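Colleague: structure here, sequence nowhere to be found:
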């Protein structure tokens, strides 16, 4: 366990750039002639949050626009600064907690606030149990959720009576939380979620417990006293499910006990037991960013091994041969302490078949199934205005009320440059006798509100999608897609654009509007 101290710094502008995922406004004016260039080689100070590529690059153009992976990496670098990202993954990720102490209360200020929380419950339909929990802990955890919609007067009465409030999915209601989670998805290549916790002074809302996700706790307002404990056993290290509530005498001695102040952060691997209580002099508001739920080798092997066994059974006679007639006379719990040649031969046969199974394991196909699941899980892209103007969300046909007609009739041309809207936007999956594109662009900000989304492209059209995936974030002209017929290249580009999967390097030109 290590602490890092970050000096005061003016982060607000940098944070805003990162969370808004600033992109190049294609077609905007170049830098004025004679204006000095920024020296990009200057090394940034350790205490400064990282910058995205600025929107006013000297050379401009779509080729310089950062991809979503770079934006996600920048957002993660900012979140854990000043810790080096490679050092974090080498020494902390899935290994031990990390506490970062800053003297900059405004560092995470733009992410969320109590004022924003109050506005959400006043203006939006937030439901108890689904979106929000009211809890308390006084030696025993209790949940006090009424039924139905959350109304501010009722909620704040609970708060005044010592109850903590947990918003389960702030990214559904708050653009800042959505933007950060959506951006970080491209760093983790995994679904990223968030919870917000508001605790009144002098209270505790939750019992000691551990979670099944990697947790980044970011303190926003007030302060909270935290006790962090190591997992109780190897079996509870990196768990696949969260724990029940523990009694105080079940968790041992803390490995970290600290007051978390605004701008501070604690990272906890899955299985890290934790409990926090609010100090008596002020409330506490923090947001937890979480990732890597059910994203372990076990989860991959659960998909891989059945598929490997099915393939082996179909192709290898040994897997279809009958079991020995006497195997039940030698195997099983009643015989496990016995030694016999029949048992030894049986175990050797099992080991031989298990070893052969790897030869039939469709590893790439199993990984594609994990990617397919990801497409259904992730948040939709949080697009900026400059991006929307180059997608189906903001470009294309529009109704002109003054002319009483449709205007801006556009088409993608062969020389139109395109790329995926995000690296987490699509997954190309071969299933049965065809190839499908599973995509996430039509997901909503509410988890699994919509069903699985896919587009059948078939084996003939699949090389074009594969090319867009493997060349990302490079821009590709439609006419350069690896299909024989231009008509097919145009069709693939049009189908993907219509589903919000593609972005063009420039807004499409209207060729057919009347003057």
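Modeller: Received the coordinates, thanks. A quick note: this is a predicted structure, and the numbers were derived from the prediction, not measured.
Colleague: contacts for stretch 443-453?
Modeller: 169, 171-173, 178, 193, 372, 375-380, 438-442, 499 (CB atoms under 8 Å, 6 or more residues apart in numbering). Quick note: C-beta positions are derived from backbone N, CA and C, even for glycine.
Colleague: give me the buried entries from those.
Modeller: Buried members of these, counted by 16 or more other CB atoms under 10 Å: 169, 171-173, 178, 193, 372, 375-380, 438-441, 499.
Colleague: now, these that are in helices?
Modeller: Among the buried ones among the contacts of stretch 443-453, the residues falling in helices (DSSP state H) are 171, 172, 173, 178, 372, 375, 376, 377.
Colleague: which residues are in contact with the closest residue to residue 406 other than its chain neighbours?
Modeller: Once flanking residues are discounted, residue 406 sits nearest to residue 397: 5.2 Å by CB to CB, 6 or more residues apart in numbering. Residues near residue 397 by CB under 8 Å, 6+ apart: 406, 407, 408, 409, 410.
Colleague: what is the nearest of the residues you listed to residue 331?
Modeller: Checking those against residue 331 with CB to CB, the nearest one is residue 410 at 69.1 Å.
Colleague: gap between that closest one and residue 273?
Modeller: As for residue 410, its distance to residue 273 is 56 Å (criterion: CB to CB, to the nearest Å).
Colleague: out of those two, which sits in the busier spot?
Modeller: Each of residue 410 and residue 273 has its neighbours counted (other CB atoms under 10 Å); residue 273 has more, 23 against 19.
Colleague: beta partners for that one?
Modeller: Counting by DSSP bridges, residue 273 is bridged to residue 229.
Colleague: need the contact list for residue 164.
Modeller: Contacts of residue 164 by CB under 8 Å, 6+ apart are 134, 135, 136, 137, 197, 198, 199, 200, 203, 204, 205, 206.
Colleague: how much space between it and residue 294?
Modeller: Separation of residue 164 from residue 294 (CB to CB): 27 Å.
Colleague: reduced to three states, what does the closest residue to residue 186 other than its chain neighbours come out as?
Modeller: With sequence-adjacent residues excluded and distances taken as CB to CB, 6+ apart, residue 186 is closest to residue 72, at 3.5 Å. Secondary structure assignment for residue 72 (DSSP: H, G, I helix; E, B strand; the rest coil): helix.
Colleague: is it true that residue 72 touches residue 184?
Modeller: Yes. Judged on CB atoms under 8 Å, residue 72 makes contact with residue 184 at a distance of 5.7 Å.
Colleague: hey, what's in contact with both of these two?
Modeller: Residues touching both residue 72 and residue 184 (CB under 8 Å, 6+ apart): none.
Colleague: next, the buried residues of stretch 210-230.
Modeller: Within stretch 210-230, the residues that count as buried by 16+ other CB under 10 Å are 210-224, 226-230.
Colleague: what's the weakest-modelled helix or strand in this protein?
Modeller: Least confident helix or strand, the chain: strand 3-6 with a mean of 46, by mean pLDDT, DSSP states H and E.
Colleague: ok, residue 200 - contacts?
Modeller: Contact analysis of residue 200 by CB under 8 Å, 6+ apart lists 159, 160, 162, 163, 164, 278, 283.
Colleague: switch to 7 Å and redo it
Modeller: Shown in contact with residue 200 (CB atoms under 7 Å, 6 or more residues apart in numbering): 159, 162, 278, 283.
Colleague: now the residues you listed as CSV including secondary structure?
Modeller: As requested, the contacts of residue 200 are arranged in CSV below (three-state DSSP):
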residue, secondary structure
159, helix
162, coil
278, strand
283, coil
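Colleague: on that earlier part again, if any of the contacts of residue 397 are buried, put those into a PyMOL selection.
Modeller: Typed into PyMOL, the next command selects the buried ones out of those (criterion: 16+ other CB under 10 Å):
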select buried, resi 408+410
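Colleague: can I get the contacts of residue 397 in TSV with distance to residue 153 and pLDDT?
Modeller: Shown next, in TSV, are these (distance: CB to CB, whole Å; pLDDT from 0 to 100):
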residue	distance to residue 153	pLDDT
406	47	90
407	47	90
408	47	88
409	51	87
410	50	89
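Colleague: take the contacts of residue 397 and keep only those in strands.
Modeller: Among the contacts of residue 397, the members found in strands (DSSP state E) are 406, 407.
Colleague: now the two most distant members of the contacts of residue 397.
Modeller: With CB to CB as the measure, no two of the contacts of residue 397 lie farther apart than 406 and 410, at 11.1 Å.
Colleague: now do the helix ranked longest in the chain: which elements does it pack against?
Modeller: Ordering each helix of the chain by length in residues (DSSP H) puts helix 297-315 first. Judged by 3 or more CB pairs under 7 Å, 6 or more residues apart in numbering; DSSP states H and E, the packing partners of helix 297-315 are helix 317-320, helix 341-357, helix 363-377.
Colleague: which residues outside the helix or strand just after the first one are in contact with it?
Modeller: It stands for helix 317-320. Note on helix 317-320: by DSSP states H and E, the next helix or strand toward the C-terminus is helix 327-330. Here helix 327-330 makes contact (CB under 7 Å, 6+ apart) with 340, 342, 343, 346.
Colleague: could you pull up the residues touching the third one?
Modeller: Right, the one you point to is residue 343. 330, 331, 335.
Colleague: with respect to residue 462, which of these is nearest?
Modeller: Comparing the contacts of residue 343 against residue 462 with CB to CB places residue 331 closest, at 46.1 Å.
Colleague: look up the closest residue to that closest one, ignoring the ones flanking it.
Modeller: Nearest residue to residue 331, sequence neighbours excluded (CB to CB, 6+ apart): residue 346, at 6.0 Å.
Colleague: how far away is that neighbour from residue 231?
Modeller: Distance of residue 346 to residue 231, computed by CB to CB: 37 Å.
Colleague: so where's this structure uncertain?
Modeller: Scanning the chain for pLDDT under 70 picks out 1-62, 512-515.
Colleague: cutoff 50 now
Modeller: Applying pLDDT under 50 to the chain flags the ranges 2-15, 18-60.
Colleague: what's next to whichever strand or helix holds residue 89, contact-wise?
Modeller: Element membership of residue 89, judged by DSSP H and E, is helix 85-91. Helix 85-91 has contacts (CB under 7 Å, 6+ apart) with 76, 77, 80.
Colleague: looking at the residues you listed, which is nearest residue 312?
Modeller: residue 76 (40.3 Å).
Colleague: and the closest one, how many residues sit next to it?
Modeller: Residue 76 has 24 neighbours, counted by other CB under 10 Å.
Colleague: that's a helix at it, yeah?
Modeller: Yes. Applying three-state DSSP, one finds residue 76 inside a helix.
Colleague: leaving out sequence neighbours, find the closest residue to it.
Modeller: That would be residue 187: by CB to CB, 6+ apart, it lies 4.5 Å from residue 76.
Colleague: would you say residue 467 is within a strand?
Modeller: No. Counting by three-state DSSP, residue 467 falls outside a strand, being helix.
Colleague: give the contact list for it.
Modeller: Listed by CB under 7 Å, 6+ apart, the contact set of residue 467 reads 476, 481, 482.
Colleague: and for residue 510?
Modeller: 408, 409, 410.
Colleague: got the phi/psi numbers for it?
Modeller: The phi/psi pair for residue 510 (degrees, to the nearest 10) reads phi -80, psi 110.
Colleague: so what sits opposite it in the bridge?
Modeller: Listed beta-bridge partners, residue 510: residue 410 (assigned using DSSP bridges).
Colleague: measure it to residue 465 for me?
Modeller: For residue 510, the distance to residue 465 equals 27 Å [CB to CB].
Colleague: just residue 495 next, same as before
Modeller: Distance of residue 495 to residue 465, given as CB to CB: 10 Å.
Colleague: of these two, which one has the most company?
Modeller: Each of residue 495 and residue 465 had its neighbours counted (other CB under 10 Å), and the higher figure belongs to residue 465 (23 against 18).
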